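Novice: structure of the sequence below:
(6 chains)
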Protein chains: 6
Amino acid sequence: MRVLVANPNSTSAITEACVGLARLAASTGTDVAGWTNDAAPPVVDSVYADYLAGAALVRGLVALRATAGGPDAVVLAGFGNYGTAAVKEALDVPVVSMAEAAMALATLLCHRFAIITTHPRMVPYTEDLVRLAGFDARCAGVRAVTLPPVGGLAPVAEAVAAALAAEIARAETDLGVDLVILGGARLSPYAAPLRGQVRLPVLEPVACAVQIAEALIRLDLRQSKTGRFARPPALRV
Amino acid sequence: MRVLVANPNSTSAITEACVGLARLAASTGTDVAGWTNDAAPPVVDSVYADYLAGAALVRGLVALRATAGGPDAVVLAGFGNYGTAAVKEALDVPVVSMAEAAMALATLLCHRFAIITTHPRMVPYTEDLVRLAGFDARCAGVRAVTLPPVGGLAPVAEAVAAALAAEIARAETDLGVDLVILGGARLSPYAAPLRGQVRLPVLEPVACAVQIAEALIRLDLRQSKTGRFARPPALRV
Amino acid sequence: MRVLVANPNSTSAITEACVGLARLAASTGTDVAGWTNDAAPPVVDSVYADYLAGAALVRGLVALRATAGGPDAVVLAGFGNYGTAAVKEALDVPVVSMAEAAMALATLLCHRFAIITTHPRMVPYTEDLVRLAGFDARCAGVRAVTLPPVGGLAPVAEAVAAALAAEIARAETDLGVDLVILGGARLSPYAAPLRGQVRLPVLEPVACAVQIAEALIRLDLRQSKTGRFARPPALRV
Amino acid sequence: MRVLVANPNSTSAITEACVGLARLAASTGTDVAGWTNDAAPPVVDSVYADYLAGAALVRGLVALRATAGGPDAVVLAGFGNYGTAAVKEALDVPVVSMAEAAMALATLLCHRFAIITTHPRMVPYTEDLVRLAGFDARCAGVRAVTLPPVGGLAPVAEAVAAALAAEIARAETDLGVDLVILGGARLSPYAAPLRGQVRLPVLEPVACAVQIAEALIRLDLRQSKTGRFARPPALRV
Amino acid sequence: MRVLVANPNSTSAITEACVGLARLAASTGTDVAGWTNDAAPPVVDSVYADYLAGAALVRGLVALRATAGGPDAVVLAGFGNYGTAAVKEALDVPVVSMAEAAMALATLLCHRFAIITTHPRMVPYTEDLVRLAGFDARCAGVRAVTLPPVGGLAPVAEAVAAALAAEIARAETDLGVDLVILGGARLSPYAAPLRGQVRLPVLEPVACAVQIAEALIRLDLRQSKTGRFARPPALRV
Amino acid sequence: MRVLVANPNSTSAITEACVGLARLAASTGTDVAGWTNDAAPPVVDSVYADYLAGAALVRGLVALRATAGGPDAVVLAGFGNYGTAAVKEALDVPVVSMAEAAMALATLLCHRFAIITTHPRMVPYTEDLVRLAGFDARCAGVRAVTLPPVGGLAPVAEAVAAALAAEIARAETDLGVDLVILGGARLSPYAAPLRGQVRLPVLEPVACAVQIAEALIRLDLRQSKTGRFARPPALRV
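Specialist: Okay, the predicted model is just below:
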């Protein structure tokens, strides 16, 4: 099985981190490749960046599709929208958004979950994502830490982990959740160290998405092509 | 007052039709200009096209912003998403989506409304739009006629009007609605002739949006810049 | 255009204040007249008062309808229910509730809004209003200051403004809203001074309603007469 | 126990019919008295009539309160709003709306219920009632027969019963309900004959309300006076 | 009238307490009998215990049904699920869950209610109960005190009452509720003493259920047998 | 990896069919074992049967837990509730309900799905399941075929497949869904032949659950033990 981990932004360090997490999560025999969305902004930190990234993402993946030896499934390795539905329309292989994969698995594991995102301004953006995907009955709230801008000084790992741990504790107390999802690719590397520090299970979405992608491949399933995700008229040849 | 009617697709005939409707709806003294999204697909008939159009739209309008004599408000003259929130983030003047304007006015005028869209495949797309904007409690359903592709033979006006009238009658009977919204810029020219043929009020969104844009200018209001629509980090200079 | 600003209570000072705000908000050429609901209680501070006011309101406006030179639209200048739907049924011209107008415009301008009402006991009343109008997906909560009773000592303007500013700040922090609506005609005069003091946009509903009323007149729209707002049997002659 | 059956409209024949049903439903020893809202319209067939009826109703019941030997509970014998909350505010004894009583009991008896109302124009009115009371999760829909106007020719009993039976059968098939509520005092007399004709249980709201009123008296319960139903300022002496 | 108060757990002291409360609440002439679910766990403190209790409950009540002189109605005297719907299917007499009865009555008496349950771990369990019964629009939240395990040291009455009073006060402040329901049979005995200590009305569910059971008997109503509560195939003879 | 496929009913032919489907769906190296709930009814065709099955299921699986060489995950191979949450509480390994697994995967693959269940009387049961799991925003409806009782004549395979195909077509037309889930273990064997006959993707829940179980094992995830699924007090040793 070949799984392509597509990073919707142009920061290759994030691609590499996600590919690393994906390989750890993948089954033996699964081939994980990375793809960076070079024509996108370095980070999706607004709806503005989401649209620029999404248009480049779907264009890039359509171009890739034409080349030989395409992947068996595509994982979208960002916790956002950036045209997920557009990619599902455009491709014939299963497309798995890491946000959707994490929320889908969370429904099996908890009463209610919270999402911790990367910046307070991403809270409404993430709330919309939850609502659009129809998980509002299970998501008790979206909270945020504050990561520094991409491209500036790297955040201090201990400080981020401590901020996440504090926010997770607050989510448990304030929202009554029994599971949290890390809602941003930049937060994914903190999942492993956090697990020793917090009571609640912490879902790392890249790993969730890789496993869901494998499951879909094994089950020979993909997005339905009879309705919302039918091939766009412009891509019918 | 200067209102810019921005067509999210690249079909200038649609821009012209919308500008015509906008001028009819505008108050005396309002200057209506049109803008065609030349870098976009000719029609937004999928989420794929939505993202390509949206990225080009926000890029184009940001570029325009830098030029002298910008508009006092921007009307987005397509019945869709195509980055409405991105444009609201990027611009400092009020941004009015014609879909949101029509739904907002409809809440004042009826018990429940239906939206008639341009093609069955746009039904889920439009349902998501309604849900994201939070109008699901008032929108009883989305229905569709089937317009031919842009660029092929022009649709026969009488046939489209008859199909719309039939669909509106069905929406009244099946869904119990007392108002309909024409959910696509290509449908807007049919609003006037339909009014003689159907019992229900028919909202034409371009006109709604122009009047809402004027209202916001007069009230000195625009999208809140303290939360979801704050200027994107990449556009802060 | 002639817009009648109908105050659902009998306190003429409130009518005057609302007419003043309406004239400031109206377009050049719009003629704003005021009407006081003399047969109503001095303030709508309960559902009890709402029903007494509403019955008098609809009776008074029906009587007025019969006189020559009626208005082109009616603005209901109270933040409540008091028979809004009854007036929409009874009249043939557009009827605009200032509460509905403010909420409709708010949907275009923010992620989520809060309403600040005039007294804690009006919170459930206002929550019902929001729910009935179907804005619960966008209204994150209703909060209250405590105005003194009408007819007693006038409230101290500075103290009211300070209480409003504090409540708005709390709404931003607790509820994550990015816009507030002043939910009571007695609060409307505080909108202008508040704008210098608070970060969030503050909607003043009288102004919103006047602009919406003008828009409906220009668009030749009014409440649908095919369903919920059909003329009541008792008023068919 | 003394239970007052208050008819919100001025048609004494309806009061008498409701009192008759109430006496059949009451426990031995319960004293049922009737009260006609003489200052109201003869029927509540619009929101307009609802407000006129409601204002007269609350005024009348407040006046009655002052007289000696008041009732231990008041049943509002109309399937509507007409100021139910206003009466709950104004009175200190339990106030039971027959609509709310029927819906509350229905939640215990079925998966989902339908309401059959007296005229198609009352469908949106009744939908609002259901939504305001928070029963939308259990009410699968509101349907209507068409009763002739009050004061004209009396409806033919067999024809009404047949129309109700047909509508109930359609509700079962179309909406999947397993219980129906007759949503109008004028329909209540048809409940008994219908029970032999239809598969589904048929709730008659007057009887439900009388039993709920008795239950509240025995339990020494009434509407909470600490929030929404606190005594209105104007009625505090 | 014979009402059977069925305790879903095996602790006879709880049965006795519930029967005592039921007799206080019953009308003169109502015969209240108690039944202890001897094959169940001593307390329903998890979904695990709920299922063990529920299976034993429905088996026990089906066996009872076959004996002469069955009850006219059954009250399920636990604040939970434990197969309420299974019992409604299996029996032909009205079955009243004390949780459903209390929530149904609460809808008539308040704007929004809170439920106080017996242990923090029962909060999600109770939230599911509320959601399944469709009362989420009226229930503002579920809170908990912490009772000691059944079978250990008896809780100190004053301490429990004080904890309940504190939690009720918090629910009023935090959730804006104007009524509370005691959500557990073990809490029911505290209702009476609490009424002198707290502002909000306190519903005691056993009493509510007994009165509702009587009402259904008098009205000749029971759960609908045409849909969800039809006799199970295995019990058709 | 060892996955235990637990059939909540006592019909071993269904266990065998499910184990067969599970083995087809499992990855190489996954060891699939079957378990029949011998103390349960032969089929879960009511809430009554659900509770009897569920109590036996959780008791049986708790007993099994104590034996050496327990499974790494448990798949509950029935499309229902039957104490899923109780089993999640009682066990420390991941517990995957096939209903929850199918709905979770469906959210990634479609706009809205329908569920086809085994008998009209299971429609309300299944609607409750959907609502409790919080998938109501994505599930457009539950429909049914009518399987004959277990233990009687075996259904004719062609007739069942034809009935399913017809119901799926109706669901597409009436509900606008773009995917269906077969909602009953007895329907699972029809998934493969149906795929050649219907336009819509058809989810077979046993296969979905096996793949989700494997995913959770690889990700070292299981139900959260900090809230709703904490070990029941009675099982703490």
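
Novice: quick one: residue A:174 is in a strand?
Specialist: No: applying DSSP: H, G, I helix; E, B strand; the rest coil, one finds residue A:174 to be helix, outside a strand.

Novice: skipping its backbone neighbours, what lies nearest it in space?
Specialist: residue A:141 (7.7 Å; CB to CB, 6 or more residues apart in numbering or on different chains). Where C-beta positions appear, they are placed from N, C-alpha and C, glycine not excepted.

Novice: partner strands of the helix or strand containing that neighbour, with direction?
Specialist: Assessed by DSSP states H and E, residue A:141 sits inside strand A:139-144. The strands beside strand A:139-144 in its sheet (DSSP bridges) come out as strand A:113-117 (parallel).

Novice: neighbours of whichever residue of chain A sits closest to chain E, how many?
Specialist: For chain A and chain E, the shortest gap (CB to the nearest CB) falls at residue A:111, measuring 4.1 Å. Residue A:111 is flanked by 23 other residues according to other CB atoms under 10 Å in any protein chain shown.

Novice: that one against residue F:230, yeah?
Specialist: No: under the criterion of CB atoms under 8 Å, residue A:111 makes no contact with residue F:230, lying 10.5 Å away.

Novice: can you give me the strands in chain A?
Specialist: Taking DSSP state E, the strands of chain A run over residues A:2-7, A:31-36, A:73-76, A:95-97, A:113-117, A:139-144, A:179-183, A:202-203.

Novice: average model confidence for the first one?
Specialist: Regarding strand A:2-7, the rounded mean pLDDT is 98.

Novice: then the last one?
Specialist: This predicted structure assigns strand A:202-203 an average pLDDT of 98.

Novice: just the pLDDT for the most centrally placed residue in chain A.
Specialist: Centroid-nearest residue in chain A, with CA atoms, centre = their mean: residue A:98, separated by 3.0 Å. What the model reports for residue A:98 is a pLDDT of 98.

Novice: can you verify my assumption that it contacts residue A:80?
Specialist: No: here residue A:98 lies out of contact with residue A:80, judged by CB under 8 Å, at a distance of 9.2 Å.

Novice: tell me, how many residues neighbour the residue of chain A found nearest chain D?
Specialist: Relative to chain D, the nearest point of chain A is residue A:137 (12.0 Å; CB to the nearest CB). The local packing of residue A:137 (other CB under 10 Å) involves 18 other residues.

Novice: now do residue A:11
Specialist: That count, for residue A:11 with other CB under 10 Å as the rule, works out to 19.

Novice: which stretches of chain A have low pLDDT?
Specialist: A:68, A:237 (pLDDT under 70).

Novice: at 90 instead, please
Specialist: A:65-70, A:148-157, A:196, A:236-237 (pLDDT under 90).

Novice: what ranges do the helices span in it?
Specialist: Applying DSSP state H to chain A gives helices spanning A:12-25, A:47-66, A:84-90, A:98-109, A:122-133, A:157-175, A:191-195, A:205-219.

Novice: for the ones you listed, which one sits closest to residue B:38?
Specialist: helix A:47-66 (14.9 Å; CB to CB).

Novice: export that closest one as PDB, just CAs?
Specialist: C-alpha atoms of helix A:47-66 as PDB (Å, rounded to 0.1, in the frame of the first residue of the first chain):
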ATOM      1  CA  VAL A  47      -9.200  31.400   6.000                       C
ATOM      2  CA  TYR A  48      -7.200  33.500   3.600                       C
ATOM      3  CA  ALA A  49      -4.300  31.100   3.800                       C
ATOM      4  CA  ASP A  50      -6.700  28.200   3.800                       C
ATOM      5  CA  TYR A  51      -8.000  29.200   0.300                       C
ATOM      6  CA  LEU A  52      -4.600  29.800  -1.100                       C
ATOM      7  CA  ALA A  53      -3.400  26.500   0.200                       C
ATOM      8  CA  GLY A  54      -6.400  24.600  -0.900                       C
ATOM      9  CA  ALA A  55      -6.400  25.800  -4.400                       C
ATOM     10  CA  ALA A  56      -2.700  24.900  -4.700                       C
ATOM     11  CA  LEU A  57      -3.300  21.600  -3.000                       C
ATOM     12  CA  VAL A  58      -6.000  20.400  -5.300                       C
ATOM     13  CA  ARG A  59      -4.100  21.600  -8.400                       C
ATOM     14  CA  GLY A  60      -1.000  19.900  -7.300                       C
ATOM     15  CA  LEU A  61      -2.700  16.600  -6.400                       C
ATOM     16  CA  VAL A  62      -4.600  16.600  -9.700                       C
ATOM     17  CA  ALA A  63      -1.300  17.100 -11.600                       C
ATOM     18  CA  LEU A  64       0.200  14.200  -9.500                       C
ATOM     19  CA  ARG A  65      -2.700  12.000 -10.400                       C
ATOM     20  CA  ALA A  66      -1.700  12.100 -14.000                       C
END
